[in-house]
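Undergrad: I need the structure of the sequence given here:
(2 chains)
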There are 2 protein chains.
Amino acid sequence: MNTRGALIIIDVQVAFDDNKWGTRNNRNAEDNISKILQLWREKGWVVIHIRHTSDNPDSVFHPANKGFAIKEIVKPLDEEVIITKKVNSSFIGTNLEEYLRENDITTVVITGLTTPHCVSTTTRMSGNLGFTTYLISDATAAFGMEDQNGIYYEAETVHNISLATLHDEFATILTTEQLIYNCTK
Amino acid sequence: MNTRGALIIIDVQVAFDDNKWGTRNNRNAEDNISKILQLWREKGWVVIHIRHTSDNPDSVFHPANKGFAIKEIVKPLDEEVIITKKVNSSFIGTNLEEYLRENDITTVVITGLTTPHCVSTTTRMSGNLGFTTYLISDATAAFGMEDQNGIYYEAETVHNISLATLHDEFATILTTEQLIYNCTK
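TA: Numbers count the residues shown, from 1 in each chain, chains lettered A, B, ... in the order given. Predicted coordinates:
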């Protein structure tokens, strides 16, 4: 792996602790992201925090609500970039692509919440925009969800199939352990 | 539904008849797309054909290979728009967004191949770019696929969960029958 890549941490915000989301898989995601973040900081590599916002005062992502805060475990340092977005893709309505291109960053490592929505959409666009993209399977998580017919799919199933649809087409999927091994060997 | 929307038909090309793709679900997708296309033509609404291309001469999507052709069943008329893309998203490296905005089209109806890759990615970007987006569940199809650990997921499972991850977040999911009913009532 090109270790000059940027670490992208998507939407690791207090909002996702709200009960409204239902059952989640992989409660270790934040711990794994924190381990990767620590490595990136030790190496002095670029860290980009993505934060979701909503104009709706009732939203758990509205800046006036406590859900807007980035979780303590991955709290940004003053020198780290924070990019705020209003839709799922971190590349739409933001300067993320411009920031990566201006800083000659061609490789990104994606982590965060949630696998089927913001993480999948950002990973798809990252790959399609030509960035060499790594997605860390155990540094992301999903919630269970219903389809348009009311059929419920478990969080773990949604997570696994979301990763399968990205594998080999948009990104290289690695575990936290594989990523850290590749960056430190 | 706002019936002034554009019908988008993604990658219904001979290339997808190649055995390399494995087992597919919903063999009726092309028939359903053809029914919707007939309605759109009768109404005189905008039809946009998206066609995948590859610079690699060995690719089934290379213009010199027979796979590049759009299938006869949805063959474009001379007056219909054809947009050629090189990645999964119909919005990246193309003028699709510009075309829709210039023609004051705010609603799109998405059909085509395949559910987890080009259809999902285009639907996600369409919703995130602010277009009112309909995705027609039985006018798209998936192939079975392996994840990064070699675990195989059936085409029908990939298809269903791809739709579930788009439902209510990026698009309204309708069947062909529901769409036609909404457009003709």
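
Undergrad: correct me, but A:Phe143 touches A:Val158?
TA: Yes - using CB atoms under 8 Å as the test, A:Phe143 is close enough to A:Val158 to be in contact (7.5 Å). In this view, the C-beta of every residue, glycine as well, is placed from N, C-alpha and C.

Undergrad: so between those two, which is more surrounded?
TA: A:Val158 (24 against 20; other CB atoms under 10 Å in any protein chain shown).

Undergrad: which element is that one on?
TA: Taking DSSP states H and E as the criterion, the element that holds A:Val158 is helix A:155-166.

Undergrad: ok, A:Gly150 next?
TA: Here A:Gly150 is assigned to no helix or strand, by DSSP H and E.

Undergrad: how about the contacts made by A:Val12?
TA: By CB atoms under 8 Å, 6 or more residues apart in numbering or on different chains, the contact set of A:Val12 is A:30, A:33, A:49, A:70-71, A:73-74, A:112-113.

Undergrad: can you list contacts of the helix ranked longest in chain A?
TA: Using DSSP state H, we find that the single longest helix of chain A is helix A:29-43. With CB under 8 Å, 6+ apart as the contact definition, helix A:29-43 has outside contacts at A:3, A:7, A:9, A:12, A:46-47, A:71, A:73-74, A:77, A:109, A:111-113, A:136, A:138-141, A:176, A:179-180, A:183-184.

Undergrad: listing partners with orientation, what would you give for the helix or strand that it is followed by?
TA: Toward the C-terminal end, the helix or strand that comes next after helix A:29-43 (DSSP H and E) is strand A:47-52. Applying DSSP bridges, strand A:47-52 is found paired with strand A:6-10 (parallel), strand A:81-85 (parallel).

Undergrad: how much does strand A:47-52 deviate in direction from helix A:29-43?
TA: Angle of strand A:47-52 versus helix A:29-43, following axes from the mean of the first three to the mean of the last three CA atoms, to 10 degrees, is 140 degrees.

Undergrad: circling back: buried ones among the contacts of A:Val12?
TA: Buried members of those, counted by 16 or more other CB atoms under 10 Å in any protein chain shown: A:30, A:33, A:49, A:70-71, A:74, A:112-113.

Undergrad: okay if I get the residues you listed as CSV plus pLDDT?
TA: Shown next, in CSV, are the buried ones among the contacts of A:Val12 (pLDDT from 0 to 100):
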residue, pLDDT
A:Glu30, 98
A:Ile33, 98
A:His49, 98
A:Ile70, 98
A:Lys71, 98
A:Val74, 98
A:Gly112, 98
A:Leu113, 98
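
Undergrad: which of those residues sits closest to A:Ala171?
TA: A:Gly112 (13.4 Å; CB to CB).

Undergrad: tally of neighbours for the closest residue to the closest one other than its chain neighbours?
TA: Excluding the flanking residues, the one nearest A:Gly112 by CB to CB, 6 or more residues apart in numbering or on different chains is A:Ile10, at 3.0 Å. A:Ile10 is flanked by 28 other residues according to other CB under 10 Å.

Undergrad: stretch A:154-162: how far from the chain's middle?
TA: Mean-position distance between stretch A:154-162 and its chain equals 16 Å (CA atoms, centre = their mean, to the nearest Å).

Undergrad: repeat for stretch A:152-162
TA: 17 Å.

Undergrad: contact partners for A:Asp18?
TA: So A:Asp18 contacts A:60, A:67 (CB under 8 Å, 6+ apart).

Undergrad: in the helix or strand of chain A with the lowest mean pLDDT, which residues are buried?
TA: Within chain A, no helix or strand scores below helix A:176-184, which has a mean of 95 by mean pLDDT, DSSP states H and E. By neighbour count on 16+ other CB under 10 Å, the buried set for helix A:176-184 is A:176, A:178-180, A:183.
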